[in-house]
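>>> sequence first, then the predicted structure:
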Amino acid sequence: MARRVAVLISGGGSNLQALIDATARPGAGTAIALVISNRPDVYGLTRARDAGIPALVVEHGPSLARPAFEARLTAALETAGIELVCLAGFMRILTAGFVERWRDRLLNIHPSLLPAFPGLHTHARALAAGVLAHGCTVHLVRPELDDGPILVQGLVPVLPGDDESTLAARVLEVEHRCYPLALELLASGRLIVAGDRVAGHEHRLLLHPMFAAG
């Protein structure tokens, strides 16, 4: 039986769409059972509803303290029988208590090759550093920001003349391949998490097509 997945979003949901498309394929080991946004007017909610996936909004703000916000998230996830949670552009820092509750079942995608460039403005920082390769990382979430066992990484070249937008677009291409792969490998048991290390013989580094051309 497919494992039930929730995706938490705050925006347009392009990675959500990649996960929707992947989990809709015959034989997929996961099914997206719920999408939650902390913002009410984002296109990701439309993506979910167009795919027939239950979607709801749990807003944060001065009237809803963080513990109450996370309590509502937890109640929604548990009511839906969720087994795995994917953060896909979810722009809220989660408390250690929430993270530990979902330990080794909470995934995130970050637009850099962690541990390089955690936090924001990753593409600008990569360009400023003069790196020759950049990419994305799907990892299990730990209480520390952008930390946790690495499941899958995607590698892209940094080209002469790149700016933030061109580099970001190239990284996004591999994000859409890496996130579904990481979710499927974890859900199927082909990757085993031992502490902060991931064991498994699957191919977990994806290369941008430009590397093959080179």
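That came through, no problem. Residues are numbered from 1 along each chain as shown.
>>> quickly list the domain ranges of the chain.
Domain assignment for the chain by automatic domain parsing gives 1-102, 108-214.
>>> which parts of the longest helix seen in the chain are buried?
The longest helix of the chain (DSSP state H) is helix 164-188. By neighbour count on 16 or more other Cβ atoms under 10 Å, the buried set for helix 164-188 is 167-168, 170-187. (C-beta placed from N, C-alpha, C; glycine too.)
>>> likewise for stretch 38-55?
For stretch 38-55, by 16+ other Cβ under 10 Å, it's 38, 39, 42, 44, 45, 47, 48, 51, 53, 55.
>>> now do the helices in this structure.
Going by DSSP H, the chain shows helices at 14-23, 43-50, 66-79, 96-101, 122-129, 164-188, 209-213.
>>> ok so, going back, let's have the domains of the chain in JSON lines, adding mean pLDDT.
Below are these laid out as JSON lines (pLDDT from 0 to 100):
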{"stretch": "domain 1-102", "mean pLDDT": "95"}
{"stretch": "domain 108-214", "mean pLDDT": "96"}
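>>> can you pull the contacts of the closest residue to residue 98 other than its chain neighbours?
Distances taken as Cβ to Cβ, 6 or more residues apart in numbering put residue 70 closest to residue 98, at 4.8 Å, once the chain neighbours are dropped. Contact analysis of residue 70 by Cβ atoms under 8 Å, 6 or more residues apart in numbering lists 94, 95, 97, 98.
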